[in-house]
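[1] this one's structure only:
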């Protein structure tokens, strides 16, 4: 068996360092941008199974670092900076930057952690802005929020990715509240080499028009024109799939991929991929093992339910547009790899999900070697490296 | 290749004939029970993509048969009595009983239609009461509604199944608004040989407590004690999975299985199957090709997210309880049959979905012969016949 090639991971996470907006916002906004404050924290009261109320107590010896922005107080939790902790300690415990592995927020340390896991290049989703910039969508002052979006992208270009020789891949965010401004930001970022942009799997759940409405066409057109991949992370709709509200968090954790599935079906049935054949979609952290059934089912509905399901605007079986335009990625997905023929060898990429609790880090190389042991070398090379490199136009030499 | 065995279909549909409640309600309720009225119908205005307003016009030559009950007017549509129509004519067009194939509502004609499709035995879900009796849950007069539930079950026992020599399998409904009354109805039906009862995949969406609440324990205990299978049809939560509200109906039609998936994960993570090991669950019309990924993911979350996802009340990997207690069924699912090792040969049954638009009828035998062509004879026999026969305690000789 040959050694697996070095990985291109299309879904990791950056915990933004405290100085991002203080350094990159224009001077007139700087006082009002997001800032990190260290506070004492006392009891945490859990409400139901998944919500909680934090009680700050500045006399407490237990400290936490919080982002403070408008009325928002966002505390860092160990589960989103979990790298290096044993699974049973990857809890909701509030933490400071000192409690995180340095690779969470420092690009030099991140490169070393990537080396340890056999990862050559990595694309990172935001933490404080949330997976597609919902934090700024929800802000009151939209002039400030637009400046914050741009500052994030500037920091991403210059500080997070700039000095890494292409190993950290820039992934932009956009002002979600205006598709024309969003299109402008896509163009601004594409001009400096961003190959991808974050978007919401289901914008309706953010209070925004859907992809069926035509509202997003300026944004989709800008992405198609510039070759900017639309990257949608699970949770980028700020809502979990329908289940019971008093279910343990394990139910949402299991079902989160269901929103990616809903989003994929929405795109395949919408006609967006018919109208924008150059558009490319990437679903992140949703794995791939659910894709064979979803593709089988869209084609069955297109054929069997044609009398009532309104399918006439889709000229070919919907799976056709998936194979042409959509990419998935896997963390650890034996069923997905067993089903590559149905998913498409050309439609699959990999991720490590560093530093979250689903991550395979630091054992990624061992996990990937085992997962791909029965696959042909060429297939392994494509899914672990070259599909992503081609999609994101990386120059890896 | 051997001829496939005759099928036991665990999910078909009965269109209740007009006389059900007029004949089976106690005299004092009879005037107020559901009745069929034939009306003229004019324009149908579609509202958005999936909703519509019907304009009745008694001078119109186009007639429709409607159920009338309290404030509800429910018109029959061709798509739910679609057997015999070409796919492109399986539309939302309102119809009368005369426009339906007789097998939709007449047990003798149904047996002939089953013969034509190589089906030996069939279990049918309700139409006017909806998939788990939501119509009666939503009714104002609960004394009348309880009588209607019982009348339905009496008609099911005596008229629909009674004279068929076991070929039509009784499937009960319960008063969903009271778990103790529901338990009583389960016991009443079990005593006369009902092997299964309809339930909601996600009761929360019906405005009811969830399976996590303990509310349903009397019902689950009655089902476990009597060996009554809890049969959950897609749509029995009256709500489609989260997607865009202005999506074409093809999106909901594709994603409807997502509620079954949510329900399965809810059960596996709830501890209900730990507390009631004799309980058996059957998911209907949701097919099976999504199950491998769902099982893989519940076990990954149970292991990898243990620090925060609240999994301690589940002593074994959650898939353990699926293999012991849960059954799926397929209509036409190549990916599912390719993945039988992961789904469990013992956990799979078949359905024909007569007379709906997803049905393989009348070509069911040809479809099944082709779908199972690469499987061992013993496996084919189990998934097409004996698993269901054992689950439903059928005496097929």
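    That came in fine, so what should we check first? Small disclaimer: the values here were computed from a predicted structure and weren't measured.

[2] quick one: residue A:144 and residue A:33 touch, right?
    Yes - with contact defined as C-beta atoms under 8 Å, residue A:144 counts as touching residue A:33 (7.2 Å). For glycine as for every other residue, the C-beta is placed from the backbone atoms N, C-alpha and C.

[3] Does residue A:328 lie in a helix or a strand, and which?
    Here residue A:328 sits within strand A:326-330, counting by DSSP states H and E.

[4] Which strands and helices lie in contact with that strand?
    Packing contacts for strand A:326-330, counted by 3 or more C-beta pairs under 8 Å, 6 or more residues apart in numbering or on different chains; DSSP states H and E, involve strand A:7-13, strand A:281-284, helix A:334-338, strand A:348-350, helix A:387-391.

[5] Could you tell me how many residues sit around residue A:221?
    17 (other C-beta atoms under 10 Å in any protein chain shown).

[6] ok, it to residue A:206 distance?
    21 Å (C-beta to C-beta, to the nearest Å).

[7] next one: residue A:197
    16 Å.

[8] repeat for residue A:132
    Counting by C-beta to C-beta - residue A:132 and residue A:206 are separated by 8 Å.

[9] got it, and residue A:276?
    21 Å.

[10] out of the two, which sits in the more crowded spot?
    residue A:206 (21 against 17).

[11] So the more buried one is in contact with residue A:137, correct?
    Yes - in terms of C-beta under 8 Å, residue A:206 counts as a neighbour of residue A:137; the distance is 6.2 Å.

[12] Give me the common contacts of the two.
    By C-beta atoms under 8 Å, 6 or more residues apart in numbering or on different chains, residue A:206 and residue A:137 have these common neighbours: residue A:176.

[13] Would you map the strands across chain A?
    Per DSSP state E, chain A carries strands over the ranges A:7-13, A:35-47, A:51-56, A:63-69, A:72-75, A:119-125, A:168-169, A:171-172, A:196-199, A:229-233, A:281-284, A:326-330, A:348-350.

[14] who does the second one pair up with?
    In its sheet, strand A:35-47 lies beside strand A:51-56 (antiparallel), strand A:63-69 (antiparallel), with partners assigned from DSSP bridges.

[15] For the residue nearest the centre of chain A, give me its contacts.
    Geometric centre of chain A, nearest residue: residue A:233, 3.4 Å, by C-alpha atoms, centre = their mean. If you count contacts by C-beta under 8 Å, 6+ apart, residue A:233 has them with A:11, A:125, A:131, A:132, A:198, A:201, A:284, A:285.

[16] which one of those is nearest residue B:17?
    residue A:201 (45.0 Å; C-beta to C-beta).

[17] I'd guessed residue A:93 sits against residue A:76; true?
    No - using C-beta under 8 Å, residue A:93 is not in contact with residue A:76, being 9.8 Å away.

[18] Compare the two (neighbour count), which wins?
    residue A:76 (23 against 19).

[19] Contacts only, for the more buried one.
    Taking C-beta under 8 Å, 6+ apart as the test, what residue A:76 contacts is A:15, A:64, A:65, A:66, A:94, A:95, A:96, A:97, A:100.

[20] For those residues, give me CSV that also has pLDDT and neighbour count.
    Below are the contacts of residue A:76 laid out as CSV (pLDDT from 0 to 100; neighbours: other C-beta atoms under 10 Å in any protein chain shown):
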residue, pLDDT, neighbour count
A:15, 98, 20
A:64, 93, 21
A:65, 96, 20
A:66, 95, 20
A:94, 88, 21
A:95, 93, 22
A:96, 96, 17
A:97, 97, 17
A:100, 96, 22
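
[21] any low-confidence regions in chain A?
    For chain A, applying pLDDT under 70 flags the ranges A:1, A:46-52, A:242, A:397.

[22] Tell me the spacing between the nearest residue to residue A:180 once chain neighbours are set aside and residue B:207.
    Nearest non-adjacent residue to residue A:180, counting by C-beta to C-beta, 6 or more residues apart in numbering or on different chains: residue A:218, 5.2 Å away. The gap separating residue A:218 from residue B:207 is 40 Å, by C-beta to C-beta.

[23] what about the residue nearest to residue A:203 when sequence neighbours are not counted, neighbour count?
    Counting by C-beta to C-beta, 6+ apart, residue A:203 lies nearest to residue A:210, which is 6.1 Å off, once chain neighbours are set aside. Residues lying near residue A:210 (other C-beta under 10 Å) number 19.

[24] Residue A:210 and residue A:200 touch, don't they?
    No - at 10.2 Å, residue A:210 does not count as touching residue A:200 under the criterion of C-beta under 8 Å.

[25] can you pull the contacts of residue A:337?
    A:330, A:371, A:372, A:375.

[26] Mind checking which of these land in helices?
    residue A:371 (DSSP state H).

[27] and which of the contacts of residue A:337 is nearest to residue B:357?
    residue A:330 (34.0 Å).

[28] tally of neighbours for the one residue in the stretch 51-200 of chain A that gets nearest to chain B?
    Using C-beta to the nearest C-beta, residue A:90 is the residue of the stretch 51-200 of chain A that sits closest to chain B, at 3.8 Å. Close neighbours of residue A:90, defined as other C-beta under 10 Å, add up to 27.

[29] Up against chain B, what does the stretch 51-200 of chain A have?
    Contact residues, the stretch 51-200 of chain A versus chain B (C-beta under 8 Å from any C-beta of the partner chain): A:78, A:79, A:82, A:85, A:87, A:88, A:89, A:90, A:91, A:92.

[30] Out of those, which end up buried?
    Buried members of these, counted by 16 or more other C-beta atoms under 10 Å in any protein chain shown: A:78, A:79, A:82, A:85, A:90, A:91, A:92.
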